[in-house]
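In: Need the 3D shape of this:
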Amino acid sequence: MFHRLSDNIFFLFIFMLLFGILLYGAIGFDYTDELCALGLFSTFGIFLFHTPNWSFNKAFLLTIGIFIFYICYSLYIGSNTKTAILADAIVQIKPYLAFFCMYSMMVQFNDSQKNIMRSVCLLLWIVLIPIGIAGGINEHTFKVTMGHPAYFAAAVACVSMSYLYCSNFTMKEKIIFIIMLSLGLLSGRSKFYGFFAFSFFLIFYFFSIKNFKLNFKNGIVLLIMLVAIIFVAWQKIDLYFYQALTSIDENQNDMIARYVLYATAPQVLTDYFPFGSGLASFGTYYSGAHYSHLYLDYGIDNVWGMTKQDYSFIADTFYPSLAQFGIVGILLYLSFWLYIFIKALRFNKKAASKKLLFMVILIIGFFAIEGTTDSTFTTHRGFFVLMLLGMILSDLKRLYTEKRMNKNMIDNENSSDK
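Out: Okay, here's the model as predicted:
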């Protein structure tokens with residue numbers, strides 16, 4: 001049964017990498033991640049049915065409970081239509097579903113599957129090279145081949161991280177990872193520059209477990225890394241949070257939408273304290289498709305890309321959309337990442353896997369950076385990366401469990417000898 005489970009997950013990974021990442025924008029089919037979510041949850045259901053005690057991850061149960069509460073809360077306050085609320089709930093819960101299903105099943109790729117995955121990743125990266133070069137010369141190439149430059153950058157990131165996950169984390173493979181990741185610089189996305197700087201510092205300095213200690217030397221390196229990330233992303237920071245109001249022109253009208261979302265979110269948090277304005281009400285796709293009354297209430301319904309007729313920029317960033325969940329929701333979101341980080345550190349005390357701990361921190365940084373100017377977390381890209389994160393943390397847990405069991409066996413043998 002578990003052999004078939006591994007094969008099913010491996011197929012889902014390949015399918016999602018091909019059709020949910022590389023070809024997503026080209027084929028124009030927007031429900032790839034929904035199909036994968038259905039397949040993943042069905043696989044998880046079969047797994048749960050075959051486990052002797054039907055053990056369900058407590059954090060997963062808590063997450064489902066929280067979303068049920070927010071659905072009921074949103075219906076109660078009438079944040080939008082019932083259809084919009086339920087549709088937005090599905091979109092918002094998908095990334096958590098991807099992570100917890102993978103983490104709970106503790107599926108492990110065998111050596112053969114990892115070799116195939118590495119080869120597939122290298123092949124896909126080679127396919128991305130001419131697209132990147134052409135797109136670097138003329139950005140329109142990205143729109144024709146990938147749908148958007150951000151999709152190209154995400155494809156490079158996903159392919160590179162998948163390669164590294166299936167590697168042995170040798171110095172040669174770390175360098176290959178950085179080379180693969182550098183292709184994304186041609187996308188021209190400032191947040192990718194930040195992610196690349198973060199990855200570079202992390203893999204060539206913090207890859208050693210002992211270097212994770214917080215001391216003066218590491219504090220200085222962290223500060224340099226933060227300055228480097230801000231430096232490479234400064235163009236967009238300046239554009240979205242200063243020039244949006246001071247020097248906007250007719251050719252930059254689309255840039256003001258993100259500023260308006262960030263500027264309005266604190267007021268939404270205050271007015272709808274503590275649980276927020278409810279699902280499908282602010283900063284998400286369904287708050288535009290089923291036009292939310294909040295945009296009229298706050299007088300932002302005439303902003304370029306945020307009108308009832310054209311809402312293409314309403315879901316163009318992630319952090320402001322957390323206003324839907326209020327202060328409580330923001331704390332819960334931060335708790336999710338804290339839960340993952342603490343689990344990773346705890347497991348790594350015995351697992352001692354440089355690669356796996358590195359990748360957990362890398363992915364946390366990826367979403368922290370992406371969330372500033374993109375809704376990656378709730379998209380097809382986020383779904384894939386959270387599937388990967390679920391596998392990584394389950395690998396850490398497996399190593400932790402195995403080494404703890406071995407230690408207990410040795411301790412018992414020593415006690416018997418005495």
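
In: what does the host helix or strand of residue 5 rub up against?
Out: Using DSSP states H and E, residue 5 sits within helix 2-15. With C-beta atoms under 8 Å, 6 or more residues apart in numbering as the test, helix 2-15 has contacts from 36, 39-40, 43, 46-47, 102, 105, 107-110, 113, 117, 120, 162, 387, 391. Where you see a C-beta, it was placed from the backbone N, CA and C, and this is true even at glycine.

In: which of those are buried?
Out: Taking 16 or more other C-beta atoms under 10 Å as the criterion, what is buried in these is 36, 39-40, 43, 47, 102, 105, 107, 109, 113, 117, 120, 162, 387, 391.

In: ok, how many other residues are close to residue 339?
Out: 14 (other C-beta atoms under 10 Å).

In: Tell me the spatial nearest neighbour of it, not counting adjacent residues.
Out: Counting by C-beta to C-beta, 6 or more residues apart in numbering, residue 339 lies nearest to residue 59, which is 6.2 Å off, once chain neighbours are set aside.

In: could you measure the one you found against residue 393, distance?
Out: As judged by C-beta to C-beta, to the nearest Å, residue 59 and residue 393 stand 11 Å apart.

In: contacting residues around the closest residue to residue 105 other than its chain neighbours?
Out: Spatial nearest neighbour of residue 105, excluding adjacent residues (C-beta to C-beta, 6+ apart): residue 47 at 5.0 Å. Counting by C-beta under 8 Å, 6+ apart, residue 47 touches 5, 104-105.

In: List just the nearest of these to residue 380.
Out: Among the contacts of residue 47, residue 105 lies closest to residue 380 (C-beta to C-beta), at 20.8 Å.

In: hang on, the closest one packs against residue 394?
Out: Yes - using C-beta atoms under 8 Å, residue 105 makes contact with residue 394 at a distance of 7.3 Å.

In: Give me the distance between the closest residue in space to residue 318 that isn't next to it in sequence and residue 363.
Out: With C-beta to C-beta, 6+ apart as the criterion, residue 318 has its nearest non-adjacent residue at 4.0 Å, and that residue is residue 371. As defined by C-beta to C-beta, residue 371 lies at a distance of 12 Å from residue 363.

In: helix or strand right after the helix or strand harbouring residue 42?
Out: Using DSSP H and E, the element containing residue 42 is helix 32-50. Downstream of helix 32-50, the first helix or strand assigned by DSSP H and E is helix 58-77.

In: ok, and for that following helix, which residues are buried?
Out: For helix 58-77, by 16+ other C-beta under 10 Å, it's 59-60, 63, 66-67, 70-71, 73-75.

In: Name the nearest of those residues relative to residue 174.
Out: Out of the buried residues of helix 58-77, the member with the shortest distance to residue 174 (by C-beta to C-beta) is residue 59, at 31.3 Å.
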